[in-house]
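Asker: I'll drop the sequence and a predicted model, then ask my questions.
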Amino acid sequence: MKVLKDFDLKGKRVLVRCDFNVPLTAEGDILNDFRIKKTVPTIEYLIKKGAKVILMSHLGKPGGKVVENLKLDKVQEKLMEYLDLSVVKARDCVGKEIKDWIERMAPGEVLLLENLRFHKGEKENDPKFARALSELGNIFINEAFATCHRPHASIIGLPKYLPSGAGLLLEKEIKSLTRIIKKPERPLVAVVGGIKFETKIKLLDKLQELCEFELIGGKFTLEILKRKMEKYLSEEVILTKDVYVLEKNENLILRDIRDLKGDEFIPDIGPETIKIFSKRIMTAKTIFWNGPLGFIEKERFRTGTRKIAEKIIESGAYSVVGGGETIRVLSGLNLLHKFDHVCSGGGALVDFIVDEELVGVKALK
């Protein structure tokens, strides 16, 4: 697979598939610009090398039609803020007007195409749509790790028509996660939390193969106990011991998780669990973390997640963290920059760990 530095970029029209699918308020304002920031080094590299930079991304789920508050205007503003230069935004992402515009671009200029998903051909991987996109550039660079598990036109269709490679971010994502899968410094310890148990069963299974110890959050522990999933009842899988239960009067009661009926609201892990998890974390040389350990929407329920984050940092182990909710809470706690690698995608992260490949990466090969 080629990477950005393998190409002669001077004067070339470089199509860059970014992932600017950022969380928005109801009014369309950006809540977290993490993914935009992570793409800036690649854009700056292309500008420095004298390329004509054409950025493209999706945002939200417009269903193949134009949705006003899913236009990339706010993304354009953030890009100009971080790049400190003018970024022009096109009214569409394909068509003669766009082609003519690109022909007039000077080396070092940046053009942002409009939301790819305003066209049904993007999600349907329509070859005609992929071909139309390809006509805008000389080189295709994929920088959208978070979307690399999607078989869409701009992910797997474009590489059929243009010389293609991975951007700086995608290259780093692959190297960091491959290190977890193939050559971790051991012991390797995984911390898995969140609320969507069904979406992470395959991840839990894979991590059980890869890790010395797997530390499981409260909600997932409850599911494992309720379903009597014996394969997770082993010395290598460390389940949550105690949790806080929120009563109707908003009081928090500390309970042993095995005493719960299964319908209680458990907003955080308890002190005994923090102690047990911390002990294992301090033995690790490599740590993989996906999913918060409490109901992080409220600050009072972030204690467990914060203390485990601080312990991972204290351990000095090589740390990889990923998942939208995890990134959001760590960013709010001002701890995100203290991890060795922060993965920009949630679903793509899980798929890469489980399958050791992504369709978007495979297409570049």
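Answerer: That came in fine, so what should we check first?

Asker: what mean pLDDT does stretch 130-143 get?
Answerer: Average pLDDT, stretch 130-143: 98.

Asker: what about residue 189, helix or strand, and which?
Answerer: Taking DSSP states H and E as the criterion, residue 189 maps to strand 188-192.

Asker: what does that strand rub up against?
Answerer: 180, 200, 203-204, 207, 210-217, 220, 277, 280-281, 283-291, 293, 308, 312, 317 (Cβ atoms under 8 Å, 6 or more residues apart in numbering). Heads up, the C-betas are built off the backbone N, CA and C, glycines and all.

Asker: roughly how far out does that strand sit from the chain middle?
Answerer: Chain-centre distance of strand 188-192: 17 Å, with Cα atoms, centre = their mean, to the nearest Å.

Asker: all further residue positions should be reported with the first residue as 50.
Answerer: Let's use 50 as the start, then, which means that last one is strand 237-241.

Asker: please save the CA atoms from it in PDB.
Answerer: Output in PDB follows, covering the C-alpha atoms of strand 237-241 (Å, rounded to 0.1, in the frame of the first residue of the first chain):
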ATOM      1  CA  LEU A 237      -1.500  -6.500  26.800                       C
ATOM      2  CA  VAL A 238      -4.500  -5.300  28.800                       C
ATOM      3  CA  ALA A 239      -7.800  -4.300  27.300                       C
ATOM      4  CA  VAL A 240     -10.500  -2.100  28.900                       C
ATOM      5  CA  VAL A 241     -13.900  -2.400  27.300                       C
END
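
Asker: for this structure, what spans make up the helices?
Answerer: In the chain, the segments counted as helices under DSSP state H are 83-97, 122-132, 145-152, 169-172, 176-183, 217-231, 250-259, 267-276, 320-330, 352-364, 373-381, 396-404, 408-413.

Asker: how about those helices, which one is nearest residue 194?
Answerer: Smallest distance to residue 194 across these (Cβ to Cβ): 4.3 Å, for helix 217-231.

Asker: where in this protein is the helix or strand with the lowest mean pLDDT?
Answerer: Across the helices and strands of the chain, mean pLDDT, DSSP states H and E gives its lowest value to helix 373-381, namely a mean of 90.

Asker: orientation of that helix relative to strand 237-241 in degrees?
Answerer: 100 degrees (axes from the mean of the first three to the mean of the last three Cα atoms, to 10 degrees).

Asker: quick one: list the elements packing against helix 373-381.
Answerer: helix 352-364 (3 or more Cβ pairs under 8 Å, 6 or more residues apart in numbering; DSSP states H and E).

Asker: distance from the helix it packs on to the middle of the chain?
Answerer: 20 Å.

Asker: and for stretch 81-92?
Answerer: Computed by Cα atoms, centre = their mean, the separation of stretch 81-92 from the middle of its chain amounts to 12 Å.

Asker: and the contacts of it?
Answerer: 53, 65, 67-72, 79, 102, 104, 124, 127-128, 131-132, 159, 190, 192, 195, 216-218, 376-377, 380, 385, 391, 393.

Asker: which among those residues end up buried?
Answerer: 53, 65, 67-71, 79, 102, 104, 124, 127-128, 159, 190, 192, 195, 216-218, 376-377, 385, 391, 393 (16 or more other Cβ atoms under 10 Å).

Asker: ramachandran angles for the nearest residue to residue 275 once chain neighbours are set aside?
Answerer: In this structure, residue 275 finds its nearest non-sequential neighbour in residue 311, 5.3 Å apart by Cβ to Cβ, 6 or more residues apart in numbering. Residue 311 adopts backbone torsions of phi 120, psi -10, taken as degrees, to the nearest 10.

Asker: can you give me the distance of residue 311 to residue 386?
Answerer: Applying Cβ to Cβ, to the nearest Å, the value for residue 311 to residue 386 is 38 Å.

Asker: can you check residue 263 too?
Answerer: On the measure of Cβ to Cβ, residue 263 and residue 386 end up 26 Å apart.

Asker: the two: who's more crowded?
Answerer: residue 263 (24 against 8; other Cβ atoms under 10 Å).

Asker: count of residues packed around residue 58?
Answerer: That count, for residue 58 with other Cβ under 10 Å as the rule, works out to 23.

Asker: surely it meets residue 188?
Answerer: Yes. Applying Cβ atoms under 8 Å, one finds residue 58 in contact with residue 188, separated by 7.2 Å.

Asker: who touches both of the two?
Answerer: Joint contacts of residue 58 and residue 188 (Cβ under 8 Å, 6+ apart) are residue 100.

Asker: how far off centre is stretch 207-227?
Answerer: Averaging C-alpha positions (Cα atoms, centre = their mean) puts stretch 207-227 15 Å from its chain's average.

Asker: for residue 110, which non-adjacent residue is closest in space?
Answerer: Residue 110's closest residue in space is residue 166 (Cβ to Cβ, 6+ apart), at 7.0 Å.

Asker: for the one you found, the count of nearby residues, please.
Answerer: Residue 166 has 24 neighbouring residues, counting by other Cβ under 10 Å.

Asker: same check, this time on residue 122
Answerer: Residue 122 sits with 13 neighbouring residues when counted by other Cβ under 10 Å.

Asker: residues touching it, list them.
Answerer: Neighbours of residue 122 in contact, by Cβ under 8 Å, 6+ apart: residue 138.

Asker: give the rounded mean pLDDT of stretch 65-85.
Answerer: Stretch 65-85 shows an average pLDDT of 92 in the prediction.

Asker: right, and residue 137 touches residue 163 too?
Answerer: No. Between residue 137 and residue 163 there is no contact under Cβ under 8 Å: 11.5 Å.

Asker: between those two, which is the more surrounded one?
Answerer: residue 163 (23 against 12).

Asker: so how far is residue 84 from that one?
Answerer: Distance from residue 163 to residue 84, by Cβ to Cβ: 18 Å.
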